[in-house]
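Peer 1: This is a predicted model, with the sequence first.
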Amino acid sequence: MLGFACAALVATACAPLVEQPDAGSIRAARQAALQFDQRMAPEIIARLQRDEDPVAVWLAYADHVPDWGREISNEVEVEFSRTALGVRNPANAPDDWERQQMEQMSFMLDSGLDAATLDVAEIRYEGDEEVFRWMRPILMTEECLVCHGENIGHRVKLLLGQEYPLDEATGYSANQLGGAYSVRQVLSVGGKPPPPWSDIPAPVVAPADARANDDAPLVSSPPDSSTPASDNLP
């Protein structure tokens with residue numbers, strides 16, 4: 001019995017130590033997610049709560065929100081993004097590590113765990129890069145369901161079908177895992193310090209009046225200005 005205990009101690013002593021993420025990296029990741037939340041609250045969520053026309057809100061979202069990740073990345077100097085198990089834009093598809101984390105998050109949420117306890121942080125080696133990875137779940141709210149739920153309004157459906165023909169991000173219900181915030185930060189390359197942060201450039205986007213005819217929105221304003229805005233919601 002004593003020999004078994006000694007062998008167990010030796011095995012434990014020989015096991016490689018798991019490198020723990022730096023507290024500063026975790027703070028930076030959480031700050032990036034908080035900044036995104038703070039932008040979404042007044043500019044998108046509050047407008048839906050006021051029963052504004054969902055098409056107008058969606059167009060504002062499409063024009064501004066996709067670039068917030070780039071802006072926040074440059075401010076915090078980490079790679080900040082959003083992803084999901086089912087994405088609307090294929091460019092936001094998860095990598096293998098992100099998919100694994102979200103599958104675990106989904107299982108734990110279904111088991112009744114609090115989403116606030118489910119952020120995950122790891123140090124990983126990807127090729128010759130040592131990287132810090134972090135994720136936090138995003139839960140669907142009632143406002144999210146205007147564009148991601150099971151009963152999306154006809155006018156919003158037209159826009160989504162035009163802009164995202166490969167859309168996988170519908171059919172959700174409230175409090176379901178909708179995706180996750182994701183942070184990736186290179187800590188070293190080949191055992192050496194990484195190069196200094198270089199700002200991610202803004203994408204080149206044609207102004208609205210330069211869109212081709214087939215890029216124009218397929219929907220019109222609400223048919224009757226006397227109709228309550230809430231009637232335009234799904």
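Peer 2: That came in fine, so what should we check first?
Peer 1: avg pLDDT for the helix ranked longest in the chain?
Peer 2: Of all the segments of type helix in the chain, defined by DSSP state H, the longest one is helix 54-76. Mean pLDDT, helix 54-76: 92.
Peer 1: which of the residues in that helix are buried?
Peer 2: Residues 54-55, 57-58, 61, 68-74, 76 are the ones in helix 54-76 that count as buried (16 or more other Cβ atoms under 10 Å). Quick note: C-beta positions are derived from backbone N, CA and C, even for glycine.
Peer 1: Counting neighbours, which bits of the top strand by length along the chain end up buried?
Peer 2: Secondary structure assigned by DSSP state E gives strand 177-189 as the longest strand of the chain. The neighbour-count check on strand 177-189 (16+ other Cβ under 10 Å) flags 177-187 as buried.
Peer 1: can you check stretch 198-205 too?
Peer 2: Result for stretch 198-205 [16+ other Cβ under 10 Å]: no buried residues.
Peer 1: what's the answer for stretch 152-171, then?
Peer 2: So, applying 16+ other Cβ under 10 Å, buried residues of stretch 152-171: 152-153, 155-160, 164, 167, 169-170.
Peer 1: Those: which two are farthest apart?
Peer 2: Arg155 and Ala169 (17.7 Å; Cβ to Cβ).
Peer 1: Run through who's touching stretch 67-77.
Peer 2: Under the contact criterion Cβ atoms under 8 Å, 6 or more residues apart in numbering, stretch 67-77 has outside partners 28, 31-32, 35-36, 39, 79-82, 197, 199-200, 202-203.
Peer 1: Out of those, grab the one that's most surrounded.
Peer 2: Phe80 (28 neighbours; other Cβ atoms under 10 Å).
Peer 1: Within the helices and strands, which one has it?
Peer 2: Here Phe80 is covered by strand 79-83, with elements defined by DSSP states H and E.
Peer 1: list the helices and strands that strand packs on?
Peer 2: Packing partners of strand 79-83 (3 or more Cβ pairs under 8 Å, 6 or more residues apart in numbering; DSSP states H and E): helix 23-40, helix 54-76, strand 177-189.
Peer 1: Can you give the strand pairings for that strand, parallel or anti for each?
Peer 2: strand 177-189 (antiparallel) (DSSP bridges).
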